[in-house]
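Asks: Quick one, what's the 3D model for this:
(2 chains, ligands or ions: 2)
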Amino acid sequence: MTQPNDHGDLKWGEEYKPEWGEWQSTVQAGGQRDASQLEAAKQLVNGRIMGRSEQMTIAELAVKVREGSRRHLARAITLVESSRVDDRAQAYELLREFRRLGPVGPPAVRVGVTGVPGAGKSTFIDALGVKLIEQGHKVAVLAVDPSSSKSGGSVLGDRTRMAALAVSDNAFIRPSPSGNHLGGVARATREAMLVAEAAGYDVVLIETVGVGQSEVAVAGMVDTFLLVTLARAGDQLQGIKKGILEMADVISVNKADGDNEAASRVAARELKSAMKLINSAPNARVPEVLTSSSYTGIGLMEVWEAVLEHREHLQQSGGLDRRRAVQQRDWMWSLIDGTLLDTLRQLPVVRNRKAEFERLVMSGDLSAVDAAEQVLELFGANVPQTWLS
Amino acid sequence: MKNSAAQMEEARGIVEGFAAQAGRRPRVLVAELSDDNDSRLQGVAAQDLGEADPNQKIVATGFADLGFDVDVGPRCQLPERAAMQAIDGDVHVVALVAVEGSAGGEVAELRKVLGAGGADDIMVVATDSIAQESGVALDAVFCLGDPIASLVVTLMPEISARFA
Ligand SMILES: Nc1nc2c(ncn2[C@@H]2O[C@H](COP(=O)(O)OP(=O)(O)OP(=O)(O)O)[C@@H](O)[C@H]2O)c(=O)[nH]1
Ligand SMILES: [Mg+2]
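Replies: Numbering: from 1, shown residues only, chains lettered A, B, ... in the order given. Ligands and ions are numbered 1, 2, ... in the order given. Presented below is the predicted three-dimensional model:
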């Protein structure tokens, strides 16, 4: 998983060599896969995804998504979110198909929005999204929400806070379902973002609650990471983990309205000086710290300007390509990690003997090390012949 | 009537079975419809818009507790907007907890827009009072205050038939 200082920043610089580009064009763009890929794209999309009323191939689904059909966009996202191995294979085929068809426009602006629960992220996205649509953008909103009840289900409530955006034909709001593990949710969100971009959404906003690892995962898929925080006298630094501050590219002290307005300005100033200390390296870019209110609308566009400036700066310094390249590298590894783990856990020989191994380890009849070795050997003896297809 | 704990267990079991088979949890949109969204929006302070209706919250939590992923619509949603949210979220079911205006018109409109969007396989369920008032055919009817589990047990076979 992407570490904070790893998402497109300095250390990776030395390793960033032209070979990367070659690798990208041969492996990523399809290369030798082309012939078999065309065949694979002619498969019918699994019936449980399309429902019983419609049958189409992966290639046809890709075309429908690109033509802007909401129903098909939604179903394509369901496909990439599915945890079934045969759906995963089709999901990768769909993403390959999009790549084969080429980009629909310039790269989308990808922004992560994080902050503690109740900081006003959804309301902010709502108010900002409406303004961006007025400017002619198409805005996709995804949400990574790790909270779920014991039952595994969850209430995806963010959209109730996006009443204004939700009535626009140029907005697509899709909270991700809860997953068993963050890796799976993050994978689904990244792929949903690619699907939305293929449908012509040129701004993608990803909301995530700033408590835990999910924002690290989101930072690993966006260009700019916006931290929404609050002026609560004195505790603006304690309230936010240092790791999140280090990841932030732009910070907004939110709910700067009414009685809060003055306090928010003070908090923003303090945070700005704190950020200078954190980013004390000579050439480090100190994140912009601003104030905003979704109720009055004051400051919203200034925050957006700062997001675009940060992106522009990245682009000019070659940092955007580098960031995205690093994200591709990390995505590759997280796909490998995730696939290995899912495959191992779903392998019948492992599933059948899982309880037995656990019992032996718990009773002390088998050491954890020996048990791990035996499970891995079972895995090694039964690895599948194909992986992502 | 089965006792409610047993019924919840049963519903959860069915939902888990579906999730394993379908690769995702069953998904429902819990919505409150209105025929007059615009003037209502103007009358309501921005602060209050984000709050779901209390019945909406109760029903949403009921579904989530049984293992559903639950989308919650904004208050006083126009039927075409609810349909759009249902389609965007690729839900299996829309559960209506309240309808302001003429129930018959709104529910029929919801169905019509779902169909026009290629989504006539999304089921629509509603409270008994909406059902009575609207006279439109629904996939199931439930009572506010009754356990959601029995509704879920009723719905799941059809959801499975369509999507698993
Ligand atoms: N005064 C004021 N209140 C706001 C503003 N934005 C949001 N709020 C209120 O803050 C509360 C939380 O807003 P949300 O947008 O749901 O916050 P969130 O960060 O998305 O919350 P979670 O998704 O639960 O993490 C709501 O009651 C909003 O009405 C603002 O600009 N000013
Ligand atoms: Mg939110």
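
Asks: what stretches of the chain score poorly on pLDDT?
Replies: You didn't pick a chain, so chain A it is. Within chain A, the stretches with pLDDT under 70 are A:1-38, A:145-151, A:178-183, A:210-212, A:233-241, A:282-283, A:388-389.

Asks: Not quite, go with chain B.
Replies: Looking at chain B by pLDDT under 70, you get B:1-3, B:37-51.

Asks: Which neighbouring elements make contact with the helix or strand hosting A:L290?
Replies: With the criterion set as DSSP states H and E, the secondary-structure element containing A:L290 is strand A:288-291. Secondary structure elements in contact with strand A:288-291, counted by 3 or more CB pairs under 8 Å, 6 or more residues apart in numbering or on different chains; DSSP states H and E, are strand A:250-254, helix A:260-278, helix A:300-316. Every residue, glycine included, has its C-beta placed from N, CA and C.

Asks: With respect to burial, which of these scores highest?
Replies: strand A:250-254 (a mean of 28; mean count of other CB atoms under 10 Å in any protein chain shown).

Asks: That one and chain B in contact?
Replies: No - Strand A:250-254 is not in contact with chain B by CB under 8 Å from any CB of the partner chain; minimum separation 14.4 Å.

Asks: and A:L378, that one's in a helix?
Replies: Yes - secondary structure assignment places A:L378 in a helix (DSSP: H, G, I helix; E, B strand; the rest coil).

Asks: From ligand 2, how far out is it?
Replies: 43 Å (CB to the ion, to the nearest Å).

Asks: neighbours around the closest residue to that residue other than its chain neighbours, how many?
Replies: In space, and not counting its chain neighbours, A:L378 is closest to A:V349: 5.1 Å by CB to CB, 6 or more residues apart in numbering or on different chains. A total of 12 residues lie near A:V349 under the criterion other CB atoms under 10 Å in any protein chain shown.

Asks: roughly how far apart are A:V349 and chain B?
Replies: In this view, A:V349 and chain B are 19 Å apart by CB to the nearest CB, to the nearest Å.

Asks: Also A:A262?
Replies: Computed with CB to the nearest CB, the distance linking A:A262 and chain B is 20 Å.

Asks: Same check on A:T57?
Replies: When CB to the nearest CB is applied, the distance between A:T57 and chain B equals 17 Å.

Asks: Those residues of the stretch 251-389 of chain A touching chain B, which are they?
Replies: That would be A:Y295, which are the residues of the stretch 251-389 of chain A within reach of chain B (CB under 8 Å from any CB).

Asks: is chain B contacted by stretch A:163-177?
Replies: Yes - with CB under 8 Å from any CB as the criterion, chain B is reached by stretch A:163-177 at A:163, A:166-167, A:172-175, A:177.

Asks: I'd like to know which of those is nearest to ligand 1.
Replies: Within the set of those, A:P175 lies nearest ligand 1; the separation is 9.7 Å, counting by CB to the nearest ligand atom.

Asks: bridging residues for the closest one?
Replies: A:A143 (DSSP bridges).

Asks: Settle this for me: it is touching B:D71, isn't it.
Replies: Yes - contact criterion CB atoms under 8 Å: A:P175 and B:D71 qualify, at 7.0 Å.

Asks: Find residues that contact each of those two.
Replies: Taking CB atoms under 8 Å, 6 or more residues apart in numbering or on different chains as the contact criterion, the residues that touch both A:P175 and B:D71 are A:156, A:159, B:89.

Asks: Would you mind identifying the next helix or strand past the longest helix that chain B contains?
Replies: For chain B, the longest helix by residue count, based on DSSP state H, is helix B:4-22. The element immediately downstream of helix B:4-22 (helix or strand, assigned by DSSP H and E) is strand B:27-34.

Asks: can you give me the strands for the chain?
Replies: Since no chain was named, I'll use chain A. Using DSSP state E, the strands of chain A run over residues A:109-115, A:139-144, A:154-156, A:171-175, A:203-209, A:224-230, A:250-254, A:288-291.

Asks: Switch to chain B, please.
Replies: Listed in chain order, the strands found in chain B under DSSP E are B:27-34, B:69-72, B:93-100, B:123-127, B:140-142.

Asks: Show me which parts of the third one are buried, residue by residue.
Replies: Residues of strand B:93-100 classed as buried: B:93-99 (neighbour count, 16 or more other CB atoms under 10 Å in any protein chain shown).

Asks: Tell me which other helices or strands it touches.
Replies: With 3+ CB pairs under 8 Å, 6+ apart as the test, strand B:93-100 has strand B:27-34, helix B:54-65, helix B:103-116, strand B:123-127, helix B:128-134 packed against it.

Asks: can you rerun that using 6 Å?
Replies: Strand B:93-100 makes packing contacts with strand B:27-34, helix B:54-65, strand B:123-127 when contacts are defined by 3 or more CB pairs under 6 Å, 6 or more residues apart in numbering or on different chains; DSSP states H and E.

Asks: touching chain A at all, the first one?
Replies: No - applying CB under 6 Å from any CB of the partner chain, one finds strand B:27-34 separated from chain A by no less than 7.0 Å.

Asks: Only alpha carbons, please: show the longest helix of chain B as CSV.
Replies: The C-alpha trace of helix B:4-22 is given here as CSV (Å, rounded to 0.1, in the frame of the first residue of the first chain):
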residue,chain,number,x,y,z
SER,B,4,-38.2,-12.0,15.7
ALA,B,5,-34.7,-13.2,16.7
ALA,B,6,-35.2,-16.4,14.7
GLN,B,7,-36.5,-14.4,11.8
MET,B,8,-33.5,-12.1,11.8
GLU,B,9,-31.2,-15.1,11.8
GLU,B,10,-33.1,-16.5,8.9
ALA,B,11,-32.9,-13.2,6.9
ARG,B,12,-29.3,-12.8,7.6
GLY,B,13,-28.5,-16.3,6.5
ILE,B,14,-30.3,-15.7,3.2
VAL,B,15,-28.6,-12.4,2.7
GLU,B,16,-25.2,-14.0,3.3
GLY,B,17,-25.9,-16.7,0.9
PHE,B,18,-26.9,-14.2,-1.7
ALA,B,19,-23.7,-12.2,-1.1
ALA,B,20,-21.5,-15.2,-1.5
GLN,B,21,-23.3,-16.2,-4.7
ALA,B,22,-23.7,-12.7,-6.3
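
Asks: Could you tell me how far it lies from the centre of the chain?
Replies: Remark: helix B:4-22 is offset 18 Å from the chain centroid, using CA atoms, centre = their mean, to the nearest Å.

Asks: Let me know the angle separating it from helix B:54-65.
Replies: When axes from the mean of the first three to the mean of the last three CA atoms, to 10 degrees is applied, the directions of helix B:4-22 and helix B:54-65 differ by 70 degrees.

Asks: For chain B, what lies in contact range of chain A?
Replies: Contact residues (CB under 6 Å from any CB) of chain B with chain A: B:22-25, B:46, B:49-50, B:52, B:60, B:64-65, B:67-72, B:74, B:81, B:87-88, B:90, B:117-119, B:121, B:162-164.

Asks: A:G47 versus B:A161, what's the distance?
Replies: Distance from B:A161 to A:G47, counting by CB to CB, to the nearest Å: 11 Å.

Asks: of those two, who's got more company?
Replies: More neighbours sit around A:G47 than around the other of B:A161 and A:G47, counting by other CB under 10 Å; the figures are 13 against 9.
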